[in-house]
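Asks: Have a look at this fold, sequence not included:
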């Protein structure tokens, strides 16, 4: 089984990612958390954890890791330090550790931050992190969902390299998409947007290679 480091494991989407990995037969989640008390809830649940902070040295966090899912976010409080520089720090140590794939949870609009006034700083940070990953030499998948909601996941999405529309998607389906791109047959080095739709997640992802 492959060890998957989940940065942002304690977040709403991150927790769902950890649960999916835990119930999969291929992957073994390692929840990266910042605080000791967050560690306990995962370990009580039988999930391995690593204590690390995206604003500090991450060398220790990456030991024995095969692939990474970056689902961390500052919630707008510390955008530059967490969403941008934290991602860059994790990309750097992942490269040193020869991680096999780096999955980045980004956001629709990260390719054009100037279009959004209220989210411009956040989207700019995401854009810089995404570009840094593309240039890193790591195998990557960059997933850009529309507006997140807490609806029940359907396992169905609409996927496009670039939409000409806005839309929503459940965190549950975003989590499933992030886990699906970990599979070795999912195409490498792709950036795509997702919204709720009618296509089974795995099918939507495999269409990227055509």
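Replies: Right, received. Where do you want to start? Keep in mind it's a predicted model, so treat the numbers as computed, not measured.

Asks: Name the next helix or strand following the helix or strand of the chain with the lowest mean pLDDT along the chain.
Replies: None of the helices or strands of the chain scores lower by mean pLDDT, DSSP states H and E than helix 36-44, at a mean of 93. Per DSSP states H and E, the first helix or strand lying C-terminal to helix 36-44 is strand 48-51.

Asks: so residue 194, which of the three states?
Replies: Residue 194 falls in the strand class when you classify it by DSSP: H, G, I helix; E, B strand; the rest coil.

Asks: does it have beta-bridge partners, and which?
Replies: Note on residue 194: beta-bridge partners by DSSP bridges are residue 145, residue 159.

Asks: Who are the packing partners of the least confident helix or strand of the chain?
Replies: Contacts defined by 3 or more C-beta pairs under 8 Å, 6 or more residues apart in numbering; DSSP states H and E place helix 36-44 against strand 27-33, strand 48-51. Glycine gets a C-beta too; all of them are placed from N, C-alpha and C.

Asks: who's in contact with it?
Replies: Helix 36-44 has contacts (C-beta atoms under 8 Å, 6 or more residues apart in numbering) with 9, 10, 18, 31, 33, 48, 49, 51.

Asks: again with stretch 120-127
Replies: Stretch 120-127 is contacted by residues 76, 79-80, 83-84, 106-107, 109-114, 116 when judged by C-beta under 8 Å, 6+ apart.

Asks: ok now that stretch, how far from the chain's centre?
Replies: 15 Å (C-alpha atoms, centre = their mean, to the nearest Å).

Asks: Let me know which of the helices and strands packed on helix 36-44 is the nearest to residue 100.
Replies: Residue 100 lies closest, by C-beta to C-beta, to one member of the helices and strands packed on helix 36-44: strand 27-33, at 11.9 Å.

Asks: and that closest one with helix 36-44, angle?
Replies: Counting by axes from the mean of the first three to the mean of the last three C-alpha atoms, to 10 degrees, strand 27-33 lies at 160 degrees to helix 36-44.

Asks: what lines up beside strand 27-33 in the sheet?
Replies: Going by DSSP bridges, the partners of strand 27-33 are strand 2-7 (parallel), strand 48-51 (parallel).
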